[in-house]
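A.B. asks: Next come a sequence and a model predicted from it.
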Amino acid sequence: MTAVDPDMQRRDLLASAATSVLAGLAAWTIAAPPGRVVTMVARKWTFVPATVQARKGEKLVFQLTAPEVPMGFSLPDFHARTDVVPGKAATLEVVPDRAGTFTFLCDVFCGEGHETMNGTLVVTG
Ligand SMILES: [Cu+2]
C-alpha cells in the first residue's frame, strides 16, 4: 500500500485551482473584448468629435463628458442612450450590428442650440 504525500495532494489541488482560474480568465477575455474607447465631449451645442467611424460588429465604448450643462447622448438606431452630467464621466457601450450612417444626438434640453446638436456614426461593413 502506498502512502499519499499530503504535500503532493495540496500541490495538485493548487495546480488544478490555478488552471481553472486561468481557463476562466481566458473565457472571460474571449467573451468580453474590451472594445475601442471613443472619448467624446458634449458642448453647447456640438459633440466633439461630431463624426465617429466604426466597423460593423466592433464594440465601441463611448466615454462622455459635458463640461458646461447636463446633456444627453442618444443613438436611437441602436437603442442606446445615457445622461452626461458635468463633473462625471458617462460610459456607453454600443456594438453597431449593421453598416450605414446613423445620427447621434443630445436628448436632454440644454439651451438654444439643443435641437441641432447632433453627430454622425459611420459604420462600414
Ligand atoms: Cu441638448
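C.D. replies: Perfect, I can see it now.

A.B. asks: can you list the residues of the protein near the ion?
C.D. replies: Cys106, Cys110, His114, Met117 (Cβ under 5 Å from the ion). (C-beta placed from N, C-alpha, C; glycine too.)

A.B. asks: Look up how far Pro96 lies from the residue lying closest to the first one once chain neighbours are set aside.
C.D. replies: What sits nearest to Cys106 in space, not counting adjacent residues and going by Cβ to Cβ, 6 or more residues apart in numbering, is Met117, at 4.1 Å. Spatial separation of Met117 from Pro96 under the definition Cβ to Cβ, to the nearest Å is 21 Å.

A.B. asks: Can you pull out the low-pLDDT segments for the chain?
C.D. replies: For the chain, the stretches with pLDDT under 70 are 1-11, 13-32.

A.B. asks: domains for it, by residue range?
C.D. replies: 1-32, 36-124 (automatic domain parsing).

A.B. asks: ok now stretch 48-65, how far from the chain's centre?
C.D. replies: Averaged C-alpha coordinates place stretch 48-65 at 9 Å from its chain's average position (Cα atoms, centre = their mean, to the nearest Å).

A.B. asks: From the opening residue of that stretch to its closing one, how far?
C.D. replies: When the termini of stretch 48-65 are compared using Cα to Cα, to the nearest Å, they are 10 Å apart.

A.B. asks: Right, I'll call it a day here.
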